[in-house]
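In: Return a 3D structure for these sequence lines:
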Amino acid sequence: MSRERDPIGLSPHWHVDVRLVAELPEDNVVGTRFLINAVFSAVTLAMLLYAGWRFSVNSSLRAEIRDWEQRIVDNRAEVADIKHMQREYAIEAAKIDQAYALVKPTLFVSGFVADLGRTRPDQVVIEMIEWTDAGILVRGNVRDNSQRATLLLRNYEKQLKADPKIGPLFREIALTNIDRGSGVNVGETFNFEMTFRLKNSKP
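Out: Down below sits the predicted model:
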């Protein structure tokens, strides 16, 4: 009969477990400490790269600013010359404008003749337009009796003064002469002379 094993008895191969579990190294494939160090290293590297890029951009901008400031300093004399030339051109342009204002025509003959034709009463015949030192002389005749011819010419004088295209051009518009012309079969003929003095003409 076989001998029963004593449960309290010791086996022939035994030893006391003296392991300190809390102090044993980790048995993971990748350790937690390594992961933490890797993450912080990556963040630090990214910050260093960003700081280097910012430093590079800042240095480039500073170099460009210095370059443009140097160009401004180098071109300061040329800029001063250009400003001086601009002032001279402005002075000469003002002189040209002033000269043009003095010599430009204040009256266009074609327009004046057209306005006379537009305002002329049917009974008035314009025979001649003459430009003199005293102004513009308009000569013509009216075929009517004395009273109506005089009234017609006086009204024509007022009409010319009030006309917006003729009146503003002249300092004076005056009927300077009326005389009896040669008689005709149908009533009488009266010659007239009307003087137009420009605003910038001699009195």
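
In: From here on, just use CA atoms for contacts and neighbour counts.
Out: Will do.

In: in this structure, which spans are helices?
Out: Secondary structure of the chain (DSSP state H): helices at 32-74, 76-103, 109-119, 146-162.

In: how big is the angle separating the third one from helix 146-162?
Out: Between helix 109-119 and helix 146-162, the angle comes out at 130 degrees (axes from the mean of the first three to the mean of the last three Cα atoms, to 10 degrees).

In: now what about helix 109-119, what contacts it?
Out: The contact list for helix 109-119, computed with Cα atoms under 8 Å, 6 or more residues apart in numbering, reads 159-160, 165-166.

In: Can you tell me which of those residues lies closest to G52?
Out: Among these, K165 lies closest to G52 (Cα to Cα), at 78.0 Å.

In: I'd like to check which residues are in contact with that closest one.
Out: With Cα under 8 Å, 6+ apart, K165 has these contacts: D115.

In: any idea of the pLDDT on it?
Out: On pLDDT, K165 comes in at 88.

In: now swap in G181 and tell me
Out: Per-residue pLDDT puts G181 at 67.

In: rank the helices of the chain by pLDDT, which is bottom?
Out: Lowest mean pLDDT of the helices of the chain: helix 76-103, a mean of 83.

In: residues of stretch 135-151 that come out buried?
Out: 135-144, 146, 149-150 (16 or more other Cα atoms under 10 Å).

In: again, but for stretch 47-54
Out: For stretch 47-54, it's none, nothing buried (16+ other Cα under 10 Å).

In: That one: how far from the chain's middle?
Out: Here the centre of stretch 47-54 is set off from its chain's centre by 46 Å, with Cα atoms, centre = their mean, to the nearest Å.

In: For that stretch, C-alpha coordinates in PDB please.
Out: What follows is stretch 47-54, C-alpha atoms only, in PDB (Å, rounded to 0.1, in the frame of the first residue of the first chain):
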ATOM      1  CA  MET A  47       8.800  74.200 -29.700                       C
ATOM      2  CA  LEU A  48      12.500  74.500 -30.600                       C
ATOM      3  CA  LEU A  49      11.700  74.200 -34.300                       C
ATOM      4  CA  TYR A  50       8.900  76.800 -34.000                       C
ATOM      5  CA  ALA A  51      11.200  79.200 -32.100                       C
ATOM      6  CA  GLY A  52      13.900  78.700 -34.800                       C
ATOM      7  CA  TRP A  53      11.500  79.400 -37.600                       C
ATOM      8  CA  ARG A  54      10.200  82.500 -35.800                       C
END
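
In: for the buried residues of stretch 135-151, which one is nearest N75?
Out: Nearest to N75 out of those is G135 (Cα to Cα; 57.7 Å).

In: Identify the bridge partners of that closest one.
Out: On the basis of DSSP bridges, G135 is bridged to T132.

In: Adding distance to M128, write the helices of the chain out as CSV.
Out: As requested, those are exported to CSV (distance: least, Cα to Cα, whole Å):
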stretch, distance to M128
helix 32-74, 69
helix 76-103, 26
helix 109-119, 11
helix 146-162, 16
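
In: Understood, closing this out.
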